[in-house]
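Student: got a predicted structure plus its sequence, pasted below:
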Amino acid sequence: MIRSLRLKNFKPFQDQLLQFGRLTLLSGLNSTGKSSVLQSLLLLRQSYQQGLLPGSGLALNGDLINVGTAKDAFFQGITKKDLGFDIVFTEDGIQGSWSFNFDQEVVGNPRNVDFLNLTSPRVAPEVYQSSLFSNKVFHYIQAERIGPRPFNEVSDYQVRRLGNLGTGGEYTAHFLSIYGREPIADEKLSHPQVTVTDEQKSMDLINQVEAWMGEISPGTRLNINPNTDMGLMGLKYSYGGSDRSDAYRATNVGFGITYTLPIIVAVLASKPGTLILIENPEAHLHPQGQAKMGEFLSLAASCGIQIVMETHSDHVLNGIRLAVHGGKLDHKDVQLHYFQRLVKNRQAVTEVISPRIDRNGRIDSWPDGFFDEWRKSLAALI
């Protein structure tokens with residue numbers, strides 16, 4: 001598990017230390033640096049997957065994230081100092097420190113390169129055994145997930161070898177077609193109201209996914225139909241119990257179901273020690289569904305899965321608070337970070353405030369802009 005992350009000369013951060021918990025929530029106004037925190041982790045992972053990180057450098061563009069060029073990656077005004085990431089892991093206090101810079105001798109503008117050279121010593125090999133770099137214990141679900149599609153993509157490499165659903169959830173149907181009848185990784189994540197005659201089958205991934213999807217849209221049932229000739233995966237939805245409705249195309253059901261599915265599958269398929277990065281888990285969900293999503297991710301964190309999420313939803317936050325209040329998650333395992341943009345010395349900088357949550361789900365401080373718009377609007381209406 002990641003315990004802390006230090007960002008040096010990266011995007012809006014000149015030198016920023018962030019503590020992580022089992023569940024870490026990043027919030028704040030748009031363009032204040034929340035996504036940059038996730039991007040730093042993704043840059044390290046994708047560079048390692050490309051075989052560059054151990055001894056060569058950092059790839060700014062790849063399968064996980066596209067930052068652009070060195071000019072886009074470096075803190076404004078920095079040209080000679082290194083860009084760096086320091087991560088402390090809980091596994092026996094293992095630490096990884098990486099520093100990068102661009103080749104100053106590049107013809108033209110050297111800041112237009114999309115590859116940064118490693119300037120620090122190699123880190124200990126054990127670092128690369130952590131969930132940030134390993135396969136089948138890492139998931140990244142981005143904000144721009146695929147919407148409803150009549151057919152979904154297939155990838156044996158991503159699903160079978162890496163254990164991934166795709167950054168946009170594009171391989172979720174394929175993942176379920178392969179692993180749907182396997183039991184979920186942790187029985188503590190089982191839905192309390194699963195109704196299956198065979199007790200063993202009630203722990204199957206597909207049944208648990210349907211049960212948790214029911215918190216978003218009651219009675220949801222999945223119908224997955226492989227089209228092997230075309231290399232595609234059909235996905236339809238039906239509703240009801242033993243007497244099911246007709247199967248509906250995903251395009252006729254709505255975005256909320258499609259956007260939620262990969263998150264629920266990723267969590268239920270993950271064993272303790274897995275790292276899951278999620279952007280906007282509340283996307284296209286009604287308020288009740290957003291709160292349930294907060295509770296669900298809290299339950300995952302209590303089972304040893306590390307969740308790092310970026311959200312703009314006070315309902316997701318309240319779902320976490322309710323989980324803490326109800327004893328489902330220890331308040332010490334929750335880390336909140338609020339990002340705000342300030343102007344200092346005529347330069348825009350990001351400041352991070354980290355409110356604390358107590359065992360009753362109460363938050364000790366509410367900085368201006370931290371999920372307080374409803375209170376402000378209510379005060380204006382009164």
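Tutor: Ah, there it is.
Student: what separation is there between residue 251 and residue 147?
Tutor: Distance, residue 251 to residue 147, by C-beta to C-beta, to the nearest Å: 8 Å. Quick note: C-beta positions are derived from backbone N, CA and C, even for glycine.
Student: same deal with residue 246?
Tutor: Counting by C-beta to C-beta, the gap from residue 246 to residue 147 is 22 Å.
Student: which of those two has more neighbours?
Tutor: Neighbour tally, residue 246 and residue 147, criterion other C-beta atoms under 10 Å: the higher count belongs to residue 147, 14 against 8.
Student: helix or strand: which one has the more buried one?
Tutor: Residue 147 is part of no helix or strand, with elements assigned from DSSP states H and E.
Student: so it touches residue 255, yeah?
Tutor: Yes: if you go by C-beta atoms under 8 Å, residue 147 and residue 255 touch, sitting 5.6 Å apart.
Student: for the stretch 151-300 of the chain, which spans come out with low pLDDT?
Tutor: Scanning the stretch 151-300 of the chain for pLDDT under 70 picks out 195-201, 242.
Student: now the strands for it?
Tutor: For the stretch 151-300 of the chain, applying DSSP state E, counting those that start in this stretch gives strands covering 151-152, 220-227, 232-239, 248-249, 275-279.
Student: now do the first one: everything it contacts.
Tutor: Going back to what we said before, that points to strand 151-152. The contact list for strand 151-152 (C-beta atoms under 8 Å, 6 or more residues apart in numbering) reads 146, 170, 171, 172, 173, 174, 227, 230, 232, 233, 234, 235.
Student: ok, then the element right after it?
Tutor: Assigned by DSSP H and E, the successor of strand 151-152 is helix 156.
Student: can you list the domains in this structure?
Tutor: 1-137+281-382, 147-269 (automatic domain parsing).
Student: distance-wise, check residue 326 relative to residue 106.
Tutor: 56 Å.
Student: mind listing the helices for the stretch 101-250 of the chain?
Tutor: 156, 172-179, 205-213 (DSSP state H, counting those that start in this stretch).
Student: what comes up buried for the second one?
Tutor: Meaning helix 172-179. For helix 172-179, the neighbour count (16 or more other C-beta atoms under 10 Å) marks 172, 173, 174, 175, 176, 177, 179 as buried.
Student: adding distance to residue 307, write those residues out as a markdown table.
Tutor: Below are those laid out as a markdown table (distance: C-beta to C-beta, whole Å):
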| residue | distance to residue 307 |
| --- | --- |
| 172 | 18 |
| 173 | 23 |
| 174 | 24 |
| 175 | 19 |
| 176 | 21 |
| 177 | 26 |
| 179 | 20 |
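Student: what is the neighbour count of residue 28?
Tutor: 22.
Student: bridged to it, which residues?
Tutor: On the basis of DSSP bridges, residue 28 is bridged to residue 339.
Student: go ahead and confirm residue 239 touches residue 220.
Tutor: Yes: judged on C-beta under 8 Å, residue 239 makes contact with residue 220 at a distance of 6.5 Å.
Student: where does the nearest residue in space to residue 270 that is not next to it in sequence land on pLDDT?
Tutor: In space, and not counting its chain neighbours, residue 270 is closest to residue 305: 5.1 Å by C-beta to C-beta, 6 or more residues apart in numbering. Looking at residue 305, its pLDDT reads 98.
Student: tell me the contacts of the nearest residue to residue 316 once chain neighbours are set aside?
Tutor: Distances taken as C-beta to C-beta, 6+ apart place residue 294 nearest to residue 316, at 4.1 Å, with adjacent residues excluded. Residue 294 makes contacts with 313, 315, 316, 317, 318, 319, 320, 321, 322, 323, as judged by C-beta under 8 Å, 6+ apart.
Student: give me the pLDDT for residue 349.
Tutor: pLDDT for residue 349: 79.
Student: that should have said residue 379, apologies.
Tutor: What the model reports as pLDDT for residue 379 is 85.
Student: list of residues touching the strand or helix carrying it?
Tutor: For residue 379, the element it lies in under DSSP H and E is helix 373-381. When contacts are defined by C-beta under 8 Å, 6+ apart, helix 373-381 is touched by residues residue 314.
Student: run the chain-centre distance for it.
Tutor: Mean-position distance between helix 373-381 and its chain equals 30 Å (C-alpha atoms, centre = their mean, to the nearest Å).
Student: likewise stretch 165-179?
Tutor: Chain-centre distance of stretch 165-179: 16 Å, with C-alpha atoms, centre = their mean.
Student: contacts for that stretch?
Tutor: 63-64, 139-142, 144-146, 152-155, 158-160, 164, 205-206, 209, 222, 224, 226, 233-235, 258-259, 261-263, 265-266, 269.
Student: any of these buried? List them.
Tutor: Buried residues within the contacts of stretch 165-179, defined by neighbour count using 16+ other C-beta under 10 Å: 64, 139-142, 145-146, 152-155, 158-159, 164, 205-206, 209, 222, 224, 233-235, 258-259, 261-263, 265-266, 269.
Student: thank you, goodbye.
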